[in-house]
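Peer 1: 3D, please:
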Amino acid sequence: MTIVDKASESADPSTCQNQPGSSEAVSPEDMDASSASWGAVSSLNDVSNHTLSLGPVPGAVVYSNSSVPDKSKQSPQKDQALGDGIAPPQKVLFPSEKICLKWQQTHRVGAGLQNLGNTCFANAALQCLTYTPPLANYMLSHEHSKTCHAEGFCMMCTMQAHITQALNNPGDVIKPMFVINEMRRIARHFRFGNQEDAHEFLQYTVDAMQKACLNGSNK
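Peer 2: Here you go, the predicted structure:
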């Protein structure tokens, strides 16, 4: 299959004058401009037999806005008709129309977190989550705790308690005991007092939050 780039052809006059059926006239000035340029065209014609097509070729793929319909513009209609093939979720954790990416209330910088002994990895991850506006907005609304029916440990309730405490005590220093006390429940291999990886703790924390939201749902 030969690929023809018509955009480059239209930009190069030497290729336009070799296209079959071209109606563009060549001025005498262009004819006499340089014999070297005509030699280049001749050599290009020789090469075109093997690697390049300077004109329409049967079976060629032509990239041109005018000659080839834009299939990308037709795809939305097709997708609407056939769907994206993905099954709808069994449970919506939070409707997208209710997500607010900006702070819904004005807050001062919340409390700092005290290092309780090699807990800086947890403090760093908790601060990142606390100052993520969509998550903080949801936690401060206490919407989760109003509908939570978890028996025992719930990571969402734990994070709600921590974020609420942190943002309601600006300029203060607090101990993140709501989370530290549940360290083993977040991940079995976490031990209080041990040095852990902040990114790993963040992953396990978010995973535990998701499991809390999916509590009672089918696998």
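Peer 1: so where is the chain shaky, pLDDT-wise?
Peer 2: Across the chain, residues meeting the criterion (pLDDT under 70) sit at 1-83, 216-219.
Peer 1: now the strands: where do they sit in it?
Peer 2: Using DSSP state E, the strands of the chain run over 3-5, 61-63, 112-113, 173-174.
Peer 1: for the protein, what's the longest helix?
Peer 2: The longest helix of the chain (DSSP state H) is helix 198-213.
Peer 1: hmm, who's touching it?
Peer 2: Here helix 198-213 makes contact (Cβ atoms under 8 Å, 6 or more residues apart in numbering) with 93, 120-122, 124-125, 128-129, 144, 148, 150, 154-157, 159, 179, 185-187, 190. Glycine gets a C-beta too; all of them are placed from N, C-alpha and C.
Peer 1: buried set for it?
Peer 2: Neighbour counts using 16 or more other Cβ atoms under 10 Å place F201, L202, Y204, T205, A208, M209, A212, C213 of helix 198-213 among the buried residues.
Peer 1: may I see those organised as TSV, with distance to L140 added?
Peer 2: Putting those into TSV (distance: Cβ to Cβ, whole Å) gives the following:
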residue	distance to L140
F201	23
L202	20
Y204	23
T205	18
A208	20
M209	15
A212	17
C213	17
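Peer 1: for these, which one is nearest L113?
Peer 2: Nearest to L113 among the buried residues of helix 198-213 is F201, at 13.1 Å by Cβ to Cβ.
Peer 1: burial of the nearest residue to the closest one once chain neighbours are set aside, as a residue count?
Peer 2: Spatially, and ignoring its direct neighbours in sequence, F201 is nearest to A125 (5.0 Å; Cβ to Cβ, 6 or more residues apart in numbering). When neighbours are counted by other Cβ atoms under 10 Å, A125 registers 22.
Peer 1: wait, what's in contact with A125?
Peer 2: A125 makes contacts with A198, H199, F201, L202, T205, as judged by Cβ under 8 Å, 6+ apart.
Peer 1: gap between it and E151?
Peer 2: 26 Å (Cβ to Cβ, to the nearest Å).
Peer 1: how near is I163 to D197?
Peer 2: Going from I163 to D197 by Cβ to Cβ gives 22 Å.
Peer 1: more neighbours: which of those two?
Peer 2: Set side by side, I163 and D197 show more neighbours around I163, with 23 against 11, by other Cβ under 10 Å.
Peer 1: give the contact list for the closest residue to the more buried one other than its chain neighbours.
Peer 2: Spatial nearest neighbour of I163, chain neighbours left out: M139 (4.4 Å); criterion: Cβ to Cβ, 6+ apart. Going by Cβ under 8 Å, 6+ apart, M139 touches M159, Q160, I163, T164.
Peer 1: compare these and tell me which is most surrounded.
Peer 2: When these are compared by neighbour count (other Cβ under 10 Å), M159 ends up highest, at 25 neighbours.
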